[in-house]
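structure for the following, please:
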Amino acid sequence: MICGNADHDEGKSFIYRSSSYITRFFQDCDLDFRHDGSTRYAWVTARLEEILSQPQPAPNVPPDAFSRVIRTLMDPADAVKEGSERTAALTALNKSLSREGFEAFYAPDKQCYLRHIGTNTIATVLANPHRPFSEAEVKKKGQLAAFLFSASEDELIEEVLLPMFRQMGFHRITAAGHRDKALEYGKDIWMRYTLPTQHVLYFGIQVKKGKLDAAGTGKNTNMAEIHNQTLMMLGHEIFDPEIGKRVLVDHAFIVAGGEITKAARNWLGNILDASKRSQVMFMDRDDILNLFVVNNIPLPAAALDPEPDDEDAIPF
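Predicted coordinates:
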């Protein structure tokens, strides 16, 4: 497909690339490969094997370099005798990827991504929340911001945070819910993350819908309540059924659907002792919006713009 060999069925929907254009293709993928003049098919195969041998960012996610190759290969501008949706090319690509448990798809931003079929994990390339956003991403961010403004705490958890943390590589994500607050022990969610060394870290998350401030009682959530819940979260064991043991939370996330003011962060940091202070991390509305967008997570149904009525539809 990279070579664009029209004498093979899978290559008919891809542009033909000579030696110099193959080198340019890999340069577009930010890879320092230069074709040496040997048989194109064999040389490209060897380079792909080299790419696939690189470290994976997470289980069931291919190396970042391979995701860049797929994105460059499926650029809508490179369509051959078909529209920018590249239906034939996508079918040919997925015929090969499905053998390895993956499928390619076009997202609303018109970029091609890989998804692991078994876990539904989407492979994204270097999800940097501080990079400039495209016009489509800015619109998506605005839609999500409007949703967060009116969403309940449970909707924030179920519709936004759980999909986001799953996509970011966390496992065993368990929401305590609000039906039985006595069983939360200061946390709304607990999850674990496996390091490349195979060591496991456990995270507890306390979620608040609105703004967190140190101004005391009122419309803003009282930070004294957050302090008590943080201590409870860090001091109470959770049961991990996969290993059959009770474990302590290593880090606590304080997540807010609104702003977490500097005064609130300082207040909690000052009142906690040094050991617990290093275990606490904050995530406010802007962090949620940026991470959600760059990880290419589908918007909640309630955040989507309503479809226009079909005036030609026959009423019944």
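
can you name the residues that contact the closest residue to Ser96 other than its chain neighbours?
In this structure, Ser96 finds its nearest non-sequential neighbour in Glu10, 6.9 Å apart by CB to CB, 6 or more residues apart in numbering. Placement of C-beta: from N, CA and C, glycine included. Shown in contact with Glu10 (CB atoms under 8 Å, 6 or more residues apart in numbering): Met1, Ala92, Leu93, Lys95, Ser96.

let me know the next secondary structure element after the longest helix seen in the chain.
Ranked by residue count and defined by DSSP state H, the top helix of the chain is helix 135-150. Next along the chain after helix 135-150, taking DSSP states H and E as the criterion, comes helix 153-155.

pull the CA atoms of the following helix or strand past that following helix into CSV?
As assigned by DSSP H and E, the chain's next helix or strand after helix 153-155 is helix 162-167. The C-alpha trace of helix 162-167 is given here as CSV (Å, rounded to 0.1, in the frame of the first residue of the first chain):
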residue,chain,number,x,y,z
LEU,A,162,-14.5,7.4,32.5
PRO,A,163,-14.1,7.4,28.7
MET,A,164,-11.2,9.9,29.0
PHE,A,165,-9.2,7.9,31.6
ARG,A,166,-9.8,4.6,29.7
GLN,A,167,-8.4,6.2,26.5
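
now helix 162-167: mean pLDDT?
For helix 162-167, mean pLDDT rounds to 90.

which strands and helices sit next to it?
strand 171-175, strand 189-194, helix 285-294 (3 or more CB pairs under 8 Å, 6 or more residues apart in numbering; DSSP states H and E).

mind checking what secondary structure the residue nearest to Ser96 has?
helix (DSSP: H, G, I helix; E, B strand; the rest coil).

could you report the pLDDT at it?
pLDDT, the model's per-residue confidence, is 70 for Glu10.

show me where pLDDT drops low in the protein?
6-7, 9, 11, 125-127, 176-186, 215-221, 307-316 (pLDDT under 70).

residue ranges of the strands in this protein, please?
102-106, 112-116, 122-123, 171-175, 189-194, 200-208, 212-213, 221-222, 238-240, 245-247, 251-256, 280-283 (DSSP state E).

would a markdown table of the ones you listed with mean neighbour count be doable?
A markdown table is the format used below for those (neighbours: other CB atoms under 10 Å):
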| stretch | mean neighbour count |
| --- | --- |
| strand 102-106 | 18 |
| strand 112-116 | 20 |
| strand 122-123 | 22 |
| strand 171-175 | 16 |
| strand 189-194 | 20 |
| strand 200-208 | 21 |
| strand 212-213 | 24 |
| strand 221-222 | 18 |
| strand 238-240 | 16 |
| strand 245-247 | 12 |
| strand 251-256 | 23 |
| strand 280-283 | 16 |
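
can you put those in JSON lines and add distance to Ala145?
Listed next are the strands of the chain as JSON lines, based on distance: least, CB to CB, whole Å:
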{"stretch": "strand 102-106", "distance to Ala145": "25"}
{"stretch": "strand 112-116", "distance to Ala145": "23"}
{"stretch": "strand 122-123", "distance to Ala145": "22"}
{"stretch": "strand 171-175", "distance to Ala145": "22"}
{"stretch": "strand 189-194", "distance to Ala145": "21"}
{"stretch": "strand 200-208", "distance to Ala145": "17"}
{"stretch": "strand 212-213", "distance to Ala145": "17"}
{"stretch": "strand 221-222", "distance to Ala145": "19"}
{"stretch": "strand 238-240", "distance to Ala145": "32"}
{"stretch": "strand 245-247", "distance to Ala145": "35"}
{"stretch": "strand 251-256", "distance to Ala145": "14"}
{"stretch": "strand 280-283", "distance to Ala145": "15"}
